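[1] how would this look folded up:
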Amino acid sequence: MEELGKKLFQHIDALEGLLLGNVGVYIDYANVRPWATKLGWNIDLKRLKVFLSSFDNIKTIKFFDGSLDGDEKSEKAKKEKAEIFKLGFVTKPVKIMRQSIDFSSIKPNSPDLLEKFIRRCLLREYKLETIEYLNERFKEMNKNGIYYIEDRKCNFDVEIGTAMMLDFERGAIGTFILWSGDSDFFDPIDKLLSAGKKVALFATARKVSKELNGLQEKGLTIFDIQRIREFICWKSQI
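    Model (predicted):
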């Protein structure tokens, strides 16, 4: 880390310019993890924790991620994250919801089943042939014995927003660093900025919502995590 810091000192200087006063870091991992597909590299959680902990004025690091109860791989990952982030690790079970794809009572040209998965504004733009084609895929799945698909959901927007506001009310944090680009965080970020607090999003290009981008006019800073790739990626990807 020290060698990289000397080599990439300009990025460290930029970070230190952001991390003013007591700093709190809030990581929405469900939002962050998919960035690897876009970036072409992966975040090493151990290196991430070491890197963030190297800044003396970062007072709290809260890491939010769901886990699949009973799933061996997920349970192992949960233990590893708990060891890395200690009391800062916040988790809850991932909800698994069954979505019916039973085509038996659906007409071939009807969008009724598709409306469960595709928004109406987009469906209205589809040609009849497209709807019939997609319905035929449902029919084929039913013939193969598949009558439902599983959808997983584990949203931490409320928990993260609450954690940020509680830290604000306690007066413990002056600079808030949020790892996410989700528009659901507009309200707490807007309130923090209005209260004169410094807020920065750690994100990647084109992964920040339009709503949050608009808050740059009120002082929101967006820091591209590509700038700290060498510090937090898998060692094999340095």
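[2] C-terminal to the longest helix along the chain, what's the next element?
    Of all the segments assigned as helix in the chain under DSSP state H, the longest by residue count is helix 128-143. Using DSSP states H and E, the next helix or strand after helix 128-143 towards the C-terminus is strand 148-153.
[3] and the next element down the chain from that following strand?
    Counting by DSSP H and E, the next helix or strand C-terminal to strand 148-153 is helix 157-169.
[4] can you tell me the average pLDDT over that next one?
    For helix 157-169, the mean pLDDT works out to 95.
[5] how far does stretch 193-207 stretch from start to finish?
    Stretch 193-207 has an end-to-end distance of 21 Å (CA to CA, to the nearest Å).
[6] Next, the buried residues of it.
    Across stretch 193-207, burial judged by 16 or more other CB atoms under 10 Å covers Leu193, Lys197, Lys198, Val199, Ala200, Leu201, Phe202, Ala203, Thr204, Lys207. In this view, the C-beta of every residue, glycine as well, is placed from N, C-alpha and C.
[7] What residues sit buried inside the longest helix of the chain?
    Ile131, Leu134, Asn135, Phe138, Met141.
[8] re the thing from before, using a markdown table, lay out the buried residues of stretch 193-207 together with secondary structure.
    Output for the buried residues of stretch 193-207, formatted as a markdown table (DSSP: H, G, I helix; E, B strand; the rest coil):
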| residue | secondary structure |
| --- | --- |
| Leu193 | helix |
| Lys197 | coil |
| Lys198 | strand |
| Val199 | strand |
| Ala200 | strand |
| Leu201 | strand |
| Phe202 | strand |
| Ala203 | strand |
| Thr204 | coil |
| Lys207 | coil |
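[9] Just give me the closest of these to Leu39.
    Using CB to CB, Thr204 is the member of the buried residues of stretch 193-207 that lies nearest Leu39, at 6.0 Å.
[10] Out of the helices and strands in this structure, which is least certain?
    When the helices and strands of the chain are compared on mean pLDDT, DSSP states H and E, helix 2-7 comes out lowest with a mean of 68.
[11] What is the subsequent helix or strand relative to it?
    Where DSSP H and E defines the elements, the next helix or strand beyond helix 2-7 is helix 9-18.
[12] now for that following helix, which elements pack on it?
    Other elements packing on helix 9-18 under the criterion 3 or more CB pairs under 8 Å, 6 or more residues apart in numbering; DSSP states H and E are strand 221-224.
[13] shaky segments in this protein?
    Residues of the chain meeting the criterion pLDDT under 70: 2, 5-7.
[14] And it, split by domain according to the record?
    Annotated domains of the chain cover 2-92+154-237, 95-152 [automatic domain parsing].
[15] How far off centre is the shortest one?
    Its chain's C-alpha centre and that of domain 95-152 lie 28 Å apart, by CA atoms, centre = their mean, to the nearest Å.
[16] Just give me the residue closest to the centre of this structure.
    Asn31 (1.2 Å; CA atoms, centre = their mean).
[17] Ala209 and Asp112, how far apart?
    Heads up, residue 209 is Ser, not Ala. Distance of Ser209 to Asp112, given as CB to CB, to the nearest Å: 31 Å.
[18] Those two - which one has more neighbours?
    Counted by other CB atoms under 10 Å, Ser209 and Asp112 do not tie: Ser209 has more neighbours, with 17 against 11.
[19] If I follow the layout properly, the more buried one ends up in contact with Leu201?
    No - Ser209 sits out of contact with Leu201 when judged by CB atoms under 8 Å, with a separation of 9.8 Å.
[20] so what sits against both of these two?
    Gly181 (CB atoms under 8 Å, 6 or more residues apart in numbering).
[21] Of the domains of the chain, flag the one that's most buried.
    For those, the largest average neighbour count (mean count of other CB atoms under 10 Å) is found in domain 2-92+154-237, namely a mean of 16.
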